[in-house]
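>>> sharing a model prediction with you, sequence too.
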Amino acid sequence: MTVPAPDGYRALSVSPEAFTAACRADLQFARDEAARLRAMPVPRDPAKVLDAFDNTFLRLNDAGSRASLARNVHPDKPVREAAEACEQEVEALSAELTQDRGIYDALAGVDRGALDPASRWYVEKSLRDFRRAGVDRDEATRRRVRELREELVKTGQEFGRNVKDDVKKLALEPARLDGLPDDWKRARPPGADGKVVVSTDNTDYVPFVTYAKDGKAREELWRLYRLRGHPKNLEVLSRMLTLRAEMAKLLGYPTWAQYITEDKMIGSEKNAAGFVERIAQASGARMEREYAQLLERKRRDDPRAARVDAWDSAFLQERVKNEQYGFDAQSIRPYFEYTKVKRGVMDIAGRMFGLSWRRADVPLWTGEAEAWDVLETAPGGGAGRLLGRIYFDMFPREGKYKHYAQYTLANGREGRQLPEGVLVCNFPRPGAEPALMEYNDVRTFFHEFGHLMHHVLGGHTRWGGIGGISTEWDFVEAPSQMFEEWTWDPAILRTFAKHWQTGEPVPEELVRRARAADEYGKGLWVRQQMFYAATSLELHRRDPEGLDSTALVNELQEKYTPFPHVEGTYFHESFGHLDGYSAIYYTYMWSLVIAKDMFTVFEKEGLLDPAAALRYRREVLEQGGSKPAADAVRSFLGRPYGFDAYEAWLNRG
């Protein structure tokens, strides 16, 4: 039986007072279940211990997840503030309960030999998490760890808020918009002063640095983009690094990087650093060749050019792709109208995984959001059992998270609660002009929808604590990265990529040229990713006392990318992953290695092959975190994952 959350809470269509009351009701429920667990007479029934334990942390995690969502998307500031406070209360209780010796002893006393494999893994993983929270430390240490955890939540919220709320704007004469798509320009008419306002939101920024012919204008917007959060986040980041370092040392780790990598697939900061260097070395020669091509292309316009600046990179790459591969990115945009892309993503996922969708008429936090029930397709067609619910919040607005992510609204547990997940994106908004998407936007949509499928299909495990996307963090991106591959198949694209005016499906030859052009710039992209990975790792391997984070980031940029650092810019102050991911941004590339290997099955058997898709659903997605990720991948592939498919992809083209 599904246990619903407080009325209206899941859809966040509530007042700040109601949000706070519902949050505290969830926290009280967690406290009550923890008390029930402690009070169980010895010998304790393993099933009852696990039931109370799972109830405790499932409701606690749900409260935190919903608060995180509300803090990042709710249009009303008072609700966002209530959500911030809720997150802090959730973390305080979580810190308390994960150090609770009574709960730990009850769980440790369970006879693991009598458990099924998933339950045994759940117990072992949970006991490890208790130790990593300091359950076996003295009271003074435990108290300080709790204080640090609470402070880190507040600091992370502050860091993200300083980025989210710092939308910078540039006013330009219309003549300086030459090169940008006509629909983009029509959607941004000049103001009373005759100028067009361009912001640092991605819907403005990405097309501008890609298409605008005015190099000085690109530079101006590029510099503004790297001033978001400045100067506030310089101090906030320093505080964040100091708090993490102290907590790691209290728990017996030399650095935060070692602490945070210990329970991941990679196992240690040394392995993470080695992985970053391995990928950097593998992509270095390709990066140098591609940079040389950019410089040669720039010199055709400016024979005296001695280097390529970062604000020229996307623009020049677009020129090279156009001239050498016959692909103009603007030529494919008319085939990617937002509503058709959305329908296409849902249709393809439904066909692959045997799902159907039903629009849900429920209260929502904004009129632009949508809710859809996810149903199993019944034998012979039609809708079968309800599996969960997904939500879309897809367009930018003031006070909203500025990037792309899947958020949890409810974690699933078989027979108790259905999973609910939310796609939060910043795509062009349909209106008077068609919402035409970039090819990369389409890939992003598929990517984030892959997270949704993992969350919903994995949300039916016996215990909520090992359901959904509760696997090791450095595997989390692999299913979503693999789903991007479907955007390169002409036959699949032609099912939904149709010209917004003529209705004609996208030409196969155009898709082939797009894929060939996409091979260019791969070395530059991979090395940029390694710069991000090294930044997140190295900031957390160094002693934070006296650390000049700006100097370190500048040094790493010079090491991993061909673009010189620009004085007066501060990329790391708006690098949002330093909050959530901390030291482990490497996980994106680690996951990609696994994703490329898993995709070899579909390359061989067919992208829409029902047997391959069902095996992938059963062996990977539905497993959630009920077994180590490497075991789930081995079950799907029939062998351990390897590096060969990734290396072939890296060297292709």
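Perfect, I can see it now.
>>> average pLDDT for the longest helix along the chain?
The residue-count maximum for a helix in the chain (DSSP state H) belongs to helix 269-301. Per-region confidence: helix 269-301 scores 97 on mean pLDDT.
>>> how about low-confidence regions in the chain?
Scanning the chain for pLDDT under 70 picks out 1-10.
>>> show me the longest strand that occurs in it.
strand 383-393 (DSSP state E).
>>> got a list of contacts for stretch 348-361?
346, 370-377, 382-384, 387, 389, 449, 453, 457, 483, 486, 492, 495-496, 608, 610, 613-614, 617, 621 (Cβ atoms under 8 Å, 6 or more residues apart in numbering). (Each C-beta comes from the backbone N, C-alpha and C, glycine too.)
>>> same thing but at 7 Å, please
Residues outside stretch 348-361 that contact it (Cβ atoms under 7 Å, 6 or more residues apart in numbering) are 346, 371-377, 383, 389, 449, 453, 457, 486, 492, 608, 613, 617.
>>> distance of the residue most central in space within the chain from residue 381?
The centroid of the chain falls nearest to residue 405 when counting by Cα atoms, centre = their mean (4.5 Å). As judged by Cβ to Cβ, to the nearest Å, residue 405 and residue 381 stand 33 Å apart.
>>> those helices in the stretch 301-450 of the chain, which residues are they?
310-325, 329-332, 338-353, 439-457 (DSSP state H, counting those that start in this stretch).
>>> so can I have a markdown table of these showing distance to residue 224 and mean neighbour count?
Shown next, in a markdown table, are the helices of the stretch 301-450 of the chain (distance: least, Cβ to Cβ, whole Å; neighbours: other Cβ atoms under 10 Å):
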| stretch | distance to residue 224 | mean neighbour count |
| --- | --- | --- |
| helix 310-325 | 11 | 20 |
| helix 329-332 | 23 | 19 |
| helix 338-353 | 26 | 19 |
| helix 439-457 | 21 | 23 |
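>>> show me what the longest helix of the chain is packed up against.
helix 256-261, helix 310-325, helix 522-539, helix 644-651 (3 or more Cβ pairs under 7 Å, 6 or more residues apart in numbering; DSSP states H and E).
>>> make CSV from these and add distance to residue 570 to it.
Listed next are those as CSV, based on distance: least, Cβ to Cβ, whole Å:
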stretch, distance to residue 570
helix 256-261, 21
helix 310-325, 14
helix 522-539, 12
helix 644-651, 31
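>>> just the strands in the stretch 401-550 of the chain please.
405-410, 420-424 (DSSP state E, counting those that start in this stretch).
>>> what comes into contact with the longest one?
Surrounding strand 405-410, the residues in contact under the criterion Cβ under 7 Å, 6+ apart are 5, 10, 62, 65-66, 68-69, 391, 417-424, 448, 451-452, 455.
>>> now that strand - C-alpha only, CSV.
Below are the C-alpha coordinates for strand 405-410, written out as CSV (Å, rounded to 0.1, in the frame of the first residue of the first chain):
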residue,chain,number,x,y,z
ALA,A,405,19.3,18.2,-13.2
GLN,A,406,16.9,15.5,-12.1
TYR,A,407,15.6,16.0,-8.6
THR,A,408,13.9,13.5,-6.3
LEU,A,409,10.4,14.3,-5.0
ALA,A,410,9.8,10.9,-3.4
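>>> how big is the angle separating that strand from strand 383-393?
Interaxial angle, strand 405-410 versus strand 383-393 (axes from the mean of the first three to the mean of the last three Cα atoms, to 10 degrees): 120 degrees.
>>> so what strands line up beside strand 405-410?
In its sheet, strand 405-410 lies beside strand 420-424 (antiparallel), with partners assigned from DSSP bridges.
>>> that older thread, what angle do the longest strand of the chain and helix 439-457 make?
Computed by the same axes, to 10 degrees, the angle between strand 383-393 and helix 439-457 is 130 degrees.
>>> which residue ranges make up the domains of the chain?
According to automatic domain parsing, the chain is divided into the following domains: 16-98+100-133, 167-221, 334-521+588-651.
>>> could you list the residues in contact with stretch 175-193?
174, 196-197, 207-208, 211-214, 217, 330, 333, 433-434, 436.
>>> now, of those residues, which are buried?
196, 207, 208, 211, 212, 214, 217, 330, 333, 433, 434, 436 (16 or more other Cβ atoms under 10 Å).
>>> tell me who's in contact with residue 244.
Shown in contact with residue 244 (Cβ under 7 Å, 6+ apart): 152, 256, 540, 582.
>>> state the pair within the residues you listed that is farthest apart.
152 and 540 (12.5 Å; Cβ to Cβ).
>>> for burial, what's the neighbour tally of residue 250?
When neighbours are defined as other Cβ atoms under 10 Å, residue 250 has 16 of them.
>>> wait, isn't it in contact with residue 145?
Yes. Under the criterion of Cβ atoms under 7 Å, residue 250 makes contact with residue 145 at 5.7 Å.
>>> so what's the gap between the longest helix of the chain and the chain middle?
24 Å (Cα atoms, centre = their mean, to the nearest Å).
>>> and that helix, what's buried?
For helix 269-301, using 16+ other Cβ under 10 Å, the buried residues are 269, 272-273, 275-276, 279-280, 282-283, 286-287, 290-291, 293-295, 297-298.
>>> burial count for residue 652?
With other Cβ under 10 Å as criterion, residue 652 counts 8.
>>> ok, it to residue 293 distance?
17 Å.
>>> does residue 27 touch residue 63 like I think?
Yes. Contact criterion Cβ under 7 Å: residue 27 and residue 63 qualify, at 6.3 Å.
>>> have a look at the two and say which one is more surrounded.
The residue with more neighbours, out of residue 27 and residue 63, is residue 63; 26 against 20, by other Cβ under 10 Å.
>>> secondary structure element holding the more buried one?
Secondary structure from DSSP states H and E places residue 63 in helix 46-73.
>>> what helices and strands are in contact with the helix or strand following that helix?
Next helix or strand after helix 46-73 toward the C-terminus (DSSP H and E): helix 77-97. If contacts are counted by 3+ Cβ pairs under 7 Å, 6+ apart, helix 77-97 sits against helix 16-38, helix 46-73, helix 139-164.
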